[in-house]
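1. have a look; sequence and predicted model below, questions after that.
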Amino acid sequence: MANPDALSVNRPIVWTIAGSDSGGGAGIQADLATMSDLEAHACSVITAVTAQSSVTVALVESVSSKMLQSQLDTLASDLPPAAIKIGLLADQAQIELLAKWLTEQQACWLQSGKNVPVILDPVMVATCGDALANGGGLDFTPFKGLLTLITPNVSELAVLAATELTSVDACIAAAQKLSETLNTSVLAKGGDNGPAWCQQQANDLLVCTDVDGISDKHQWQRFWLSSNRIDTNNNHGTGCTLSSAIAAVMAHGFVLNDAVVVAKAYVNSGLKASYQIGQGPGCLARTAWPKELVDFPYIKLVTTNEIEPMPLKTYRHEQASFKQIEESLGLYPVVADVEMLETLLKAGAKTIQLRVKDPTDVTLERSIIQAISLGRDYKARVFINDHWQLAIKHQAYGVHLGQEDLIASNLEQLRAAKLALGLSSHSYFEILLAKQHKPSYIAFGHIFPTTTKVMPSKPQGLNKLARYVSLMKGELPIVAIGGIDAACVNSLKATGVDDVAVVRAVTEADDPAAAFTALQQTWWEL
Ligand SMILES: Cc1ncc(COP(=O)(O)OP(=O)(O)O)c(N)n1
Ligand SMILES: Cc1nc(C(=O)O)sc1CCOP(=O)(O)O
Ligand SMILES: [Mg+2]
């Protein structure tokens, strides 16, 4: 299997615009260590120098406007950023200067078709409790429309929303309001113990606002991201680490929702290995790109009638798994009609999917009955795409559903009917959502460009696939889909992916049966 670390030869450039922490646990020092650990090249624009240890902030001195501007301009001409993290801004003049600079830059980036994510961690107070900036007095509205994400903790959210936060719904309302005021996504962090947040868990609230490249069904939604609380006092620099990790992961081309869950896993893993270095709160360890599923959060859509995040203990154990796939799915053709399905079953396909996308097709139920019956004749596993009620009614082997279909389907009925379940995913975020349902397999796509389907996301490519595979290996069978043909099966196999699904490479071949046989043989022989 390919080593995902070895695949990232090019380090994207990520900037941190923040203050120096002489104690080394937070600020610029934490940002540089995080970005470098997450395989990015880190550049720094220093806003302030702090005389700080693990127990005190003795002095904060901001750099001059001339120095701030010069750092920005000097870097921009030679080391342009793929993503930017903003941390401590010492005064209002720095906010105004940076907002003006970002406005000009974003016009240039837009012209050259570049989208540079900007993550703002509105730092106000150090972990030891001492003030770093005149937080209450700072006005962040000059950043309206310029940010991708803002990451306040509960106290910062209360200051920014100018309200007391004494209940979960007050936190949700404040995060929503902040997202509208600044026209940005918000990650309201629940890592700090507070009256509004569960004590055993770190529950972060993600408010999605016009996020690039995610499913329409996740756009404008709010999600709880929950992890068990890691019991340590060594949490100095947690917020800096989280926001710089988000910027670094986005610089690698991951969508915002992915960057947030990977960054949260990175922080969890860093907290577990954290260490005390002075008399006060110690620092997070740097534990590289997260690869342990246990460090990733549980994701739950916030619905209006259910605002509390569920206790982790309950939801981790409440559901039974869907049917397990005993024999590999192998080369898995996805076809649009029964005729093609029969041709490929005759050619030896042992797993196949009927994917009828015409909603007006009056022969749909008949096609599904025929496909299921042919599957029995040829002892093959026939999955039905989308039409889960008909699949249950006629006892198909399994159903394949997309993330969008999940919302409208009744998984309990599918589970009770003992059908296998395949779920689509297009990101870390969707993989985690899919895995929570304990399906029979998870499909990742689209790996390469495809004309079979209009996709809201960009092609994943092999590097991302290798990362997903290394996270999920041993959990569930993983099926790659999208743009797969004879020319790429070799490189797909090298990622360690379990199975591959194909449409055009088989169905649009001159001789689909021969194309299937040849592709299948190549796949098994690799
Ligand atoms: C094996 C496999 N993977 C992914 C898909 C796509 O399913 P979905 O997201 O539901 O999209 P549609 O196929 O319904 O357009 C699939 N069908 N099979
Ligand atoms: C149906 C489908 N689902 C995808 C996903 O990524 O979820 S990609 C895809 C089309 C795959 O077709 P082809 O092999 O012709 O590229
Ligand atoms: Mg579907």
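-> Alright, I've got the coordinates. Worth saying up front: this structure is predicted, and the values here are computed from it rather than measured. Residues are numbered from 1 along each chain as shown. Ligands and ions are numbered 1, 2, ... in the order given.

2. so which residues of the stretch 351-500 of the chain form helices?
-> Taking DSSP state H, counting those that start in this stretch, the helices of the stretch 351-500 of the chain run over residues 364-377, 388-393, 403-408, 411-416, 428-435, 461-472, 489-494.

3. so which of these gets nearest ligand 1?
-> Nearest to ligand 1 among the helices of the stretch 351-500 of the chain is helix 403-408; the distance by C-beta to the nearest ligand atom comes to 5.4 Å. Yep, even glycine has a C-beta here, placed from its N, CA and C like the rest.

4. is the closest one up against ligand 2 anywhere?
-> No: counting by C-beta under 6 Å from any ligand atom, ligand 2 is not contacted by helix 403-408; separation bottoms out at 9.0 Å.

5. please parse this structure into its domains.
-> Using automatic domain parsing, the domain parsing of the chain gives 13-317, 331-525.

6. ok, residues contacting the strand or helix carrying Ala99?
-> Assigned by DSSP states H and E, Ala99 belongs to helix 92-111. Residues from elsewhere that reach helix 92-111, judged by C-beta atoms under 8 Å, 6 or more residues apart in numbering: 17, 47, 62, 65, 68-69, 72, 76, 86, 89, 115-116, 118, 137-140, 142-143, 146.

7. any of these buried? List them.
-> 17, 47, 62, 68-69, 72, 76, 86, 89, 116, 118, 138, 140, 142-143, 146 (16 or more other C-beta atoms under 10 Å).

8. can you tell me which residues contact Gln52?
-> Taking C-beta under 8 Å, 6+ apart as the test, what Gln52 contacts is 21-23, 26-27, 58, 126.

9. now the residues you listed as TSV including pLDDT and neighbour count?
-> Converted to TSV, those look like this (pLDDT from 0 to 100; neighbours: other C-beta atoms under 10 Å):
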residue	pLDDT	neighbour count
Asp21	94	28
Ser22	92	15
Gly23	91	26
Ala26	92	31
Gly27	95	29
Ala58	90	11
Ala126	65	28
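
10. confidence-wise, which of the helices of the stretch 351-500 of the chain is weakest overall?
-> With a mean of 83, helix 403-408 has the lowest mean pLDDT of those.

11. checking Ala42 next. Helix, strand or coil?
-> Three-state call for Ala42 (DSSP: H, G, I helix; E, B strand; the rest coil): strand.

12. that one: neighbouring residues, count only.
-> Other residues near Ala42 come to 23 when the count uses other C-beta atoms under 10 Å.

13. thought it was touching Met35?
-> Yes: checked against C-beta atoms under 8 Å, the pair Ala42 and Met35 is within contact range at 3.7 Å.

14. circling back to that earlier point, deepest in the core, which of the helices of the stretch 351-500 of the chain is it.
-> helix 428-435 (a mean of 24; mean count of other C-beta atoms under 10 Å).

15. which strands or helices does it pack on?
-> helix 256-272, strand 298-301, helix 403-408, strand 420-425, strand 441-444, helix 461-472 (3 or more C-beta pairs under 8 Å, 6 or more residues apart in numbering; DSSP states H and E).

16. mind doing that once more with 10 Å?
-> For helix 428-435, the contact count by 3 or more C-beta pairs under 10 Å, 6 or more residues apart in numbering; DSSP states H and E identifies strand 222-228, helix 256-272, strand 298-301, helix 403-408, strand 420-425, strand 441-444, helix 461-472 as packing neighbours.

17. residue in the protein nearest to ligand 2?
-> Gly445 (2.1 Å).

18. isn't that residue up against Gly422?
-> No: assessed by C-beta atoms under 10 Å, Gly445 is found out of contact with Gly422, at 11.6 Å.

19. quick check: phi and psi on the residue lying closest to Asp37 once chain neighbours are set aside?
-> Nearest residue to Asp37, sequence neighbours excluded (C-beta to C-beta, 6 or more residues apart in numbering): Arg286, at 4.2 Å. Main-chain dihedrals, Arg286, degrees, to the nearest 10: phi -100, psi 110.

20. for Arg286, give me its contacts.
-> Counting by C-beta atoms under 10 Å, 6 or more residues apart in numbering, Arg286 makes contact with 30, 33-34, 36-38, 241, 266, 269-270, 273.

21. residues of the stretch 251-400 of the chain that sit close to ligand 1?
-> Within the stretch 251-400 of the chain, the residues that sit near ligand 1 (C-beta under 6 Å from any ligand atom) are 332, 334, 353, 355, 385-386, 400.

22. which members of the residues you listed are the farthest-apart pair?
-> Tyr332 and Asp386 (16.4 Å; C-beta to C-beta).

23. return the member of the contacts of Gln52 nearest to ligand 3.
-> Ligand 3 lies nearest to Ala26 out of the contacts of Gln52, by C-beta to the ion, at 45.1 Å.

24. distance of that closest one relative to Ala265?
-> Separation of Ala26 from Ala265 (C-beta to C-beta, to the nearest Å) stands at 20 Å.

25. pull the number of nearby residues for the residue of the chain closest to ligand 2.
-> Neighbours around Gly445, by other C-beta under 10 Å: 23.

26. list phi and psi for the closest residue to Arg229 other than its chain neighbours.
-> In space, and not counting its chain neighbours, Arg229 is closest to Ala202: 5.2 Å by C-beta to C-beta, 6+ apart. Main-chain dihedrals, Ala202, degrees, to the nearest 10: phi -100, psi 100.

27. which bits of the protein sit near ligand 2?
-> Residues of the chain lying near ligand 2 (C-beta under 6 Å from any ligand atom): 424, 426, 445-446, 450, 452-453, 481-484, 502-505.

28. going by distance to Ile368, which of those wins?
-> For these, the nearest to Ile368 is Val503 (18.4 Å; C-beta to C-beta).

29. surely the closest one meets Ala515?
-> No: Val503 is beyond contact range of Ala515, at 11.6 Å (criterion: C-beta under 10 Å).

30. so what sits against both of the two?
-> Pro333.

31. flag the shaky bits of the stretch 1-150 of the chain, pLDDT-wise.
-> 1-9, 126-128, 130, 133-136 (pLDDT under 70).

32. can you give me the helices for it?
-> Going by DSSP H, counting those that start in this stretch, the stretch 1-150 of the chain shows helices at 4-7, 27-37, 65-78, 92-111.

33. pick the most deeply packed of these.
-> Ranked by mean neighbour count, these are led by helix 27-37 with a mean of 25 (mean count of other C-beta under 10 Å).
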